[in-house]
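>>> my questions are about this predicted structure, shown below with the sequence.
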Amino acid sequence: MASRTKLLTSSSDQGKLRPIDVRRDLNPVADLMERCLADTLDPDGQRYLQQMRTAANNPSSLRWATMMSEGGTVPVSGYVWEEAGQVVGNLTLIPYYSLARRYFLVANVAVDPEYRRKGIATSLTMKAIEHARLRGAQAVWLHVRADNEGATRLYQTIGFIERAQRTTWIWDSASPEKVTVPGVGGAAPTYPGISVQGRRSGDWRMQRTWLEATYPAELNWHLSLKHSTLRPDFFGFLNRFLNDLRVRQWSAWRRNALLGVLAWQSMSAYADSLWLATAPEYEESVVGALLAHARTQLSSHRPLSLDYPVDRAAAEIQAAGFRIHQTLIWMSMDI
């Protein structure tokens, strides 16, 4: 690994690959990401680019950013690739902790289309791995769109291993999908024998267990899911109050058996979040009932977002009116 890193950052490349300089790179990086990711940017991504441009034009923000070694809402840690004074490649590094271990997430990897297949993305990634190792990280994580086969092969070649695949589902009342249920000729789905009601305090123990299985800690850190905000006790109320969050939750039952729990959480982002927690053996039969019930109970017309393991209960989620926004492959490398 060390010899390969040295090869990819040889003396001939030293003038091209360099740390990001927030005093002059934010606008060029935002422009680069927009050129490279225009087809996949959602409203949150567009807002992120706008925040970068706003920070680039705000001297006080830039002074603050240059004092930060890592972190923040703009990419103050990362690397760019420069050709003839133009930024043509970018990589952002985001440090985080999970289970008392230090990690880095590689994000915002972008290379100008005219400069691809020249090893720029590889060199940026190898530099990121070196950066993380020197700062005591145990591993480097990244995610790539499942339809980006070239990037997936690149990261596999470097040594990243696939850990999970997650699908983000979206329901948007502004552009509802025409949904048909397989085998039912387009009739509205029914869920015989399942009753859905407000979550009871006693449901929390199983809900938490199911949430931990569906949203494991090594992937959950980047999500807005915080168990403390879903608790039914005073501490849950306090966390929601302090974080200015609205939460609603419903449980699905069959006779005396708890089958699953769905939580809705208000968000400042493009879409509000849904968190599904179900008994594995009942997942396919209960997911649709919970999602359909939530849609009837939520008076807001804001979009709804659901992060869920790929292919799990996919037909049921689609039957409830959700469409696939994207599927991400999560990969990591121990260092």
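Nice, I can see it.
>>> low-confidence ranges, the stretch 1-150 of the chain, go.
Across the stretch 1-150 of the chain, the ranges flagged by pLDDT under 70 are 1-15, 59-76.
>>> go again with 50.
1-12, 64, 67-75 (pLDDT under 50).
>>> now the helices for it?
Using DSSP state H, counting those that start in this stretch, the helices found in the stretch 1-150 of the chain span residues 2-8, 22-37, 43-56, 59-67, 120-134, 149-158.
>>> for those, give me TSV that also has mean neighbour count and distance to residue 294.
C-beta here means a position set from N, CA and C on the backbone, and glycine is covered the same way. Shown next, in TSV, are these (neighbours: other C-beta atoms under 10 Å; distance: least, C-beta to C-beta, whole Å):
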stretch	mean neighbour count	distance to residue 294
helix 2-8	12	48
helix 22-37	19	31
helix 43-56	16	21
helix 59-67	14	38
helix 120-134	20	39
helix 149-158	15	33
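>>> test my guess that residue 173 contacts residue 321.
No. The criterion here is C-beta atoms under 8 Å, and residue 173 misses it with residue 321 at 9.2 Å.
>>> Three-state assignment for residue 292, please.
helix (DSSP: H, G, I helix; E, B strand; the rest coil).
>>> distance check, it against residue 191.
Using C-beta to C-beta, to the nearest Å, residue 292 is found at 7 Å from residue 191.
>>> residue 329 too?
32 Å.
>>> neighbour-wise, which of those two wins?
residue 329 (22 against 18; other C-beta atoms under 10 Å).
>>> distance-wise, check the more buried one relative to residue 195.
The value you get for residue 329 to residue 195, if C-beta to C-beta is used, is 37 Å.
>>> and what of residue 21?
Relative to residue 195, residue 21 is positioned 59 Å away (C-beta to C-beta).
>>> and for residue 218?
35 Å.
>>> tell me which of these two has more neighbours.
Using other C-beta under 10 Å as the criterion, residue 218 and residue 195 rank with residue 218 on top: 16 against 13.
>>> grab the nearest non-local neighbour of residue 138.
residue 101 (4.9 Å; C-beta to C-beta, 6 or more residues apart in numbering).
>>> which one is residue 264 nearest to, not counting chain neighbours?
That would be residue 248: by C-beta to C-beta, 6+ apart, it lies 4.7 Å from residue 264.
>>> what kind of secondary structure is that neighbour in?
Residue 248 - assigned by three-state DSSP - is strand.
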